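[1] Just a sequence and a predicted model for now, questions to come.
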Amino acid sequence: MSPRTISETEFHAREQELLNVARSLVENECLTSLTIDKLVAASPYSKGTIYKHFISKEDMWMAICNMCVTEIHELFSRALSFKGSSRERVLAVFVSYLIWAKLHPAQLFAVLSAHSPSVASLCSDDRNTTHHQLESDLMGLMNQVIAEAIEAGDLVLPEGMCFEQITFAMWSASWGAMALIMSKGHSCELNQMVLERESFTNAKLILDGFQWKPMSQDWNYNESIKRIANELFQPEIEALEKAGNPFIFV
C-alpha cells in the first residue's frame, strides 16, 4: 500500500505542530542541544516524516528562528500602531520586544544562533530565503518609523548615518540588555539589574543620544510605557502574570 498523500494545508499544520514541540524542548533545554532524534522522541512522528520537513537539525533551528521572528514582527507591527509621538511608537517596539523575550527567554538566544554561518550553510535554500526576508521586513518597519520621525521634525538623521545604523543601535541596546540580564547566572553584579529598568534605561540613552524628541526630560515616558502595555499588549501582560514572571513597571 502506498503512503497517504497529504495536502499542503495538512503538511503546513504538521510542520507547525512539530515546531511547537521543538520550541517547548528549547525552553526546557537550549537550542544547541535540540536534535532530530529528540524531536522524534517528543513527537508522534517518525524520523522519516520529520526529515520531510527539516533537512537537518540546523534547518530545524532556522525554522524555529523564523517562527520567532514572525511573532516579533507581529508585535512590532502592533507596537507601531500606538497613537502617540514617533518616539513613543519606537518605545512601544522596545516594550514589545521585551515582552516577547520574557515570554520566550530561551528562544531569544535561538534567534541569534540562526545568524551563524555554520547554521545557515546546513539549511535549505528556502529556509534561508525566508529568514532573510523576515529580517528585511523587520528592518523595513523600523526604517518606516524613522522616516516618519524625520518628516515630523522629531529626529534629524546624523550626518553620515543611515536609517539602518539607527535601527542597529536600538536593536543592539535592547538585545544586549536582555541577553546579559537573562543569562546572568551567578553574577553578583548582574543580579542587581532589573530587566525592565535596564532595558528602558538603554532605550532612553539611545534615543536621547540621537536627540529624538520629545527628550526624556520633557516627557514622562514611564507613563507612556504603562499606556503602551495596557492598550496594546494586555493579553501578553496577563500571560506573564500567569507564568509568574510579571512585567515590571518602573
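    Happy to help now that I have it.
[2] what about A239, is that helix, strand or coil?
    Here A239 is helix, with the state taken from DSSP: H, G, I helix; E, B strand; the rest coil.
[3] got the contact list for it?
    L103 (C-beta atoms under 8 Å, 6 or more residues apart in numbering). Where you see a C-beta, it was placed from the backbone N, CA and C, and this is true even at glycine.
[4] And it, how far from R227?
    Using C-beta to C-beta, to the nearest Å, one obtains 19 Å as the distance from A239 to R227.
[5] hang on, M178 packs against L195?
    Yes. Counting by C-beta atoms under 8 Å, M178 touches L195, with 6.8 Å between them.
[6] Mutual contacts of these two, please.
    In the contact map built from C-beta under 8 Å, 6+ apart, the residues linked to both M178 and L195 are L98.
[7] Show me what secondary structure element comes after the lowest-mean-pLDDT helix or strand in the chain.
    Sorting the helices and strands of the chain by mean pLDDT, DSSP states H and E puts helix 188-191 at the bottom, at a mean of 70. In the C-terminal direction, the helix or strand that comes right after helix 188-191 (DSSP states H and E) is helix 195-209.
[8] So which elements touch the helix or strand just after that following helix?
    Counting by DSSP H and E, the next helix or strand C-terminal to helix 195-209 is helix 221-232. In terms of contacts (3 or more C-beta pairs under 8 Å, 6 or more residues apart in numbering; DSSP states H and E), helix 221-232 is packed against helix 57-79, helix 86-103, helix 195-209.
[9] So which of those is the most surrounded?
    Most buried of those by mean neighbour count (mean count of other C-beta atoms under 10 Å) is helix 86-103; its value is a mean of 23.
[10] got the angle for that helix vs helix 195-209?
    Angle, helix 86-103 to helix 195-209, by axes from the mean of the first three to the mean of the last three C-alpha atoms, to 10 degrees: 150 degrees.
[11] what's the angle between helix 86-103 and helix 221-232?
    Following the same axes, to 10 degrees, one obtains 70 degrees for the angle between helix 86-103 and helix 221-232.
[12] May I see the helices and strands packed on helix 221-232 organised as CSV, with distance to M182 added?
    Supplementary listing: the helices and strands packed on helix 221-232 in CSV, determined by distance: least, C-beta to C-beta, whole Å:
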stretch, distance to M182
helix 57-79, 15
helix 86-103, 7
helix 195-209, 7
